[in-house]
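S.K.: Make a model of this:
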Amino acid sequence: MSEKGNCIGYAARDPSGVLSHYEFSRRDLGTDDVSIRITHCGVCYADVIWTRNKHGDSKYPLVPGHEIAGIVKEVGSNVKRFKVGDHVGVGTFVNSCRDCEYCNDGLEVQCVKGSVFTFNGVDADGTITKGGYSSHIVVHDRYCYKIPDNYPLASAAPLLCAGITVYAPMMRHKMNQPGKSLGVIGLGGLGHMAVKFGKAFGLNVTVFSTSISKKEEALSLLGADKFVVSSDQEQMKALVKSLDFIVDTASGDHPFDPYMALLKTGGIFVLVGFPSEVKFSPASLNLGMKTISGSLTGGTKDTQEMIDFCAAHGIHPMIEVIPIQYANEAIDRLTKRDVKYRFVIDIENSLK
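M.R.: Residues are numbered from 1 along each chain as shown. Got it, this is the predicted structure:
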């Protein structure tokens, strides 16, 4: 490490989003902090958004990455939950007020004062947070998660955003009822996890995709019960009023009324993707007493519960492990949806 800093990473310098070697300093370990040697970091669409300044609020140099897995290398004097050598994860936020009703309920992602994002956020001390495309990170122990020793760190990384984004609303809307039926729209990083959780919950799972090429994998590898090409009106018509739940992970623009028609009376439609607009007829909602609900990752309570659930049930994301030198190509491929189903950067063996 040179005099430039105690941490190395990959950072974007401008809205081209091109990542390259970058040295910087992490804060000193506080009494409540955990210092983590990062072994793996998942590549999430958020990395595309902020490296390329899609929201106009990127602060450069920007180190992305909020699906972080690693090993504890040091703990502050007040930390009781973790010890050196423990396997840990860090997700999409690293701070919050710790005093509002949502923080008190373990739902820090909804903190009244705003949770501090793991990268490109402004921390309590005014510094800009830098994410997991880096050699280590220092995080308050409240925002760290225990990863069981027998669960691979590479598999754990995508749980921390893709996994929790679908698990949290599925639990909130009681989708863990064996025998009920679930539709999953979109089969990317989030969608494939929704299918895996749905099957673990004992649901009958139908995948909706615009791409027939995903049929074989959806049925054989992910264990979905049905696969429907969403543009095929006959297939769609055959499923009217047949689903208890729908989890919509698609961020491309798509119509909503045809999917709302597939819900049974009292059915629940959960949106976790970010299309440019959501538009449906009031009749789609009112006539069958349907519910439409949005969701965003999850708090510390749900996240730890999900990690433990995945370890107990042998649920692993399908991943493509890459060296950090491939990160720019991976992000390009992600924008073209050319990944099955999550890239995970092998930080420990490639970041030098």
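S.K.: For the rest of this, base every contact and every neighbour count on C-alpha atoms.
M.R.: Noted.
S.K.: Quick check: the gap between the closest residue to Leu239 other than its chain neighbours and Ser181.
M.R.: What sits nearest to Leu239 in space, not counting adjacent residues and going by C-alpha to C-alpha, 6 or more residues apart in numbering, is Leu262, at 5.8 Å. Going from Leu262 to Ser181 by C-alpha to C-alpha, to the nearest Å gives 11 Å.
S.K.: ok, now Gly163?
M.R.: In this view, Gly163 and Ser181 are 20 Å apart by C-alpha to C-alpha.
S.K.: and these two? which has more neighbours close in?
M.R.: Gly163 (29 against 21; other C-alpha atoms under 10 Å).
S.K.: name the element the more buried one belongs to?
M.R.: Secondary structure here is read from DSSP states H and E; on that basis Gly163 sits in helix 162-172.
S.K.: Identify all contacting residues around that helix.
M.R.: 44, 176, 189-191, 193-194, 197, 247, 270, 272, 295-298, 302-303, 306 (C-alpha atoms under 8 Å, 6 or more residues apart in numbering).
S.K.: can you count the residues close to Gly126?
M.R.: Neighbour tally, Gly126, other C-alpha under 10 Å: 8.
S.K.: make that Glu277, sorry
M.R.: The local packing count at Glu277 equals 10, with neighbours defined by other C-alpha under 10 Å.
S.K.: Would you confirm that it contacts Asp253?
M.R.: Yes: Glu277 is within contact range of Asp253, at 7.2 Å (criterion: C-alpha atoms under 8 Å).
S.K.: Name the SS class of Ser16, please.
M.R.: Under the three-state scheme (DSSP: H, G, I helix; E, B strand; the rest coil), Ser16 adopts coil.
S.K.: Now do the contacts for it.
M.R.: 51-52.
S.K.: in the stretch 201-350 of the chain, which spans are strands?
M.R.: With strands called from DSSP state E, counting those that start in this stretch, the stretch 201-350 of the chain shows them at 204-209, 226-229, 243-248, 263-271, 291-294, 319-322, 342-346.
S.K.: And the fourth one, what does it pack against?
M.R.: Applying 3 or more C-alpha pairs under 8 Å, 6 or more residues apart in numbering; DSSP states H and E, one finds that strand 263-271 makes contact with strand 243-248, strand 291-294.
S.K.: strands paired with the shortest one, and their directions?
M.R.: This points to strand 291-294. strand 263-271 (parallel) (DSSP bridges).
S.K.: The partner strand - what's its average pLDDT?
M.R.: Within the predicted structure, the mean pLDDT of strand 263-271 is 98.
S.K.: residues in contact with it?
M.R.: Counting by C-alpha under 8 Å, 6+ apart, strand 263-271 makes contact with 169, 173, 240-249, 260, 288-295, all of which sit outside it.
S.K.: Let's see that with 7 Å instead.
M.R.: Taking C-alpha atoms under 7 Å, 6 or more residues apart in numbering as the criterion, the residues outside strand 263-271 that touch it are 240-249, 288-295.
S.K.: Just the pLDDT at Ser2, thanks.
M.R.: Per-residue confidence for Ser2 comes out at a pLDDT of 45.
S.K.: Let me see the contact set for Cys7.
M.R.: Each residue near Cys7 by C-alpha under 7 Å, 6+ apart is listed here: 23-26, 134-136.
S.K.: so where's the chain uncertain?
M.R.: Judged against pLDDT under 70, the low-scoring parts of the chain cover residues 1-4.
S.K.: ok, now with 50
M.R.: Low-confidence segments of the chain (pLDDT under 50): 1-3.
S.K.: circling back to that earlier point, taking the contacts of helix 162-172 one by one, which sit in helices?
M.R.: Using DSSP state H to define helices, the subset of these located there is 189-191, 193-194, 197, 302-303, 306.
S.K.: Quick one: residues in contact with stretch 100-109.
M.R.: 96, 98, 110-112, 115, 298-301.
S.K.: try it again with 10 Å
M.R.: If you take C-alpha atoms under 10 Å, 6 or more residues apart in numbering as the criterion, stretch 100-109 is touched by 92-99, 110-117, 142-143, 296-303.
S.K.: Now list the buried members of those residues.
M.R.: For the contacts of stretch 100-109, a neighbour count by 16 or more other C-alpha atoms under 10 Å gives the buried set as 92-98, 110-111, 115-117, 142-143, 296-300, 302-303.
S.K.: Please enumerate the shared neighbours of Leu262 and Ser181.
M.R.: Residues touching both Leu262 and Ser181 (C-alpha under 10 Å, 6+ apart): 242-246.
S.K.: Just the buried residues of those residues.
M.R.: Burial by neighbour count, judged by 16+ other C-alpha under 10 Å, picks out 242-246 from the shared contacts of Leu262 and Ser181.
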